[in-house]
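**Student:** Sequence first, then the predicted structure, then my questions.
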Amino acid sequence: MRSSTTPPHPSPPGITIRGMRIDDCEAVATIRVRGRQHAYRGLLPQPYPDRMDIAEETGQRRRYFEERGEAVNVVAERPDGTVTGWACVGPHRAEDHGLPGCELYAIYVLPEQIGTGTGRALLAELTDRAAAAGHADMALWVLRDNAPARRFYERAGFRPDGGEDTFQAGGALVTEVRYVRPLTPRDVRPLSPPAAD
């Protein structure tokens, strides 16, 4: 695995975007659980986000991280070492997606970090890496009724392309919509897991 030799993407003051390490799994699990509970409040039946468990999620993150695959995981870190955000991109998960490019699997920040620019910095890092790797587009899925998340992606240049899917969550049928953004290279960076710092 290679480390990027290009200057890092501008981040909020005091925040560094770096490659995820195995010892970040518990912090990432905490971010995922707290972030999902915050984002899904009122959008999914409350027992669904309430059942999310940090210990269980930590084990899952470790398994996924050790498998590696082609996914790229990055985290946002404060100078004191506190991890405040996480994002992941990789190949499209659905074989019948019919799209070129790659897919943003997830992006979460601690709820108290919303609005600080941390999410924008994570997304910019991954779109830059994907563009530099030659991907023409990046897709993502977002809950249809999650207006704040949809605004966040639209400000970053993503647009709905008409794709929709549904899934069961806590006994309710939930609709996701697909967003896509064309990518333009800003610098030369590989879409490969960055070397652990």
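**Tutor:** Ah, there it is.
**Student:** from the chain's centre, how far out does the helix or strand bottoming out on mean pLDDT in the chain sit?
**Tutor:** Counting by mean pLDDT, DSSP states H and E, the weakest-scoring helix or strand in the chain turns out to be helix 47-50, with a mean of 80. In terms of CA atoms, centre = their mean, to the nearest Å, the centre of helix 47-50 is set 21 Å apart from its chain centre.
**Student:** ok, then the element right after it?
**Tutor:** helix 54-67 (DSSP states H and E).
**Student:** for that next one, packing partners?
**Tutor:** helix 25-40 (3 or more CB pairs under 8 Å, 6 or more residues apart in numbering; DSSP states H and E). (Each C-beta comes from the backbone N, C-alpha and C, glycine too.)
**Student:** what's the average pLDDT for the helix it packs on?
**Tutor:** What helix 25-40 shows for mean pLDDT is 94.
**Student:** Over to stretch 129-141?
**Tutor:** For stretch 129-141, the per-residue pLDDT averages 92.
**Student:** Then stretch 93-103?
**Tutor:** What stretch 93-103 shows for mean pLDDT is 73.
**Student:** confidence score at residue 172?
**Tutor:** Looking at residue 172, its pLDDT is 84.
**Student:** show me what contacts it?
**Tutor:** Going by CB atoms under 8 Å, 6 or more residues apart in numbering, residue 172 touches 44-45, 48.
**Student:** Give the closest residue to the residue sitting furthest away from the middle of the chain in space, chain neighbours not counted.
**Tutor:** For the chain, the largest distance from the centre (CA atoms, centre = their mean) belongs to residue 171, which lies 25.6 Å off. Among residues not flanking residue 171 along the chain, residue 45 sits closest, at 6.1 Å (CB to CB, 6 or more residues apart in numbering).
**Student:** Compute the distance between the one you found and residue 115, please.
**Tutor:** 27 Å (CB to CB, to the nearest Å).
**Student:** So for the two, which residue has more residues nearby?
**Tutor:** Per other CB atoms under 10 Å, whichever of residue 45 and residue 115 has more neighbours is residue 45, with 13 against 9.
**Student:** Might one say that that one is in contact with residue 173?
**Tutor:** No - taking CB atoms under 8 Å as the definition, residue 45 is not a contact partner of residue 173, at 10.9 Å.
**Student:** Can you show me the strands along the protein?
**Tutor:** 16-19, 72-77, 83-90, 102-109, 137-143, 159-169, 172-182 (DSSP state E).
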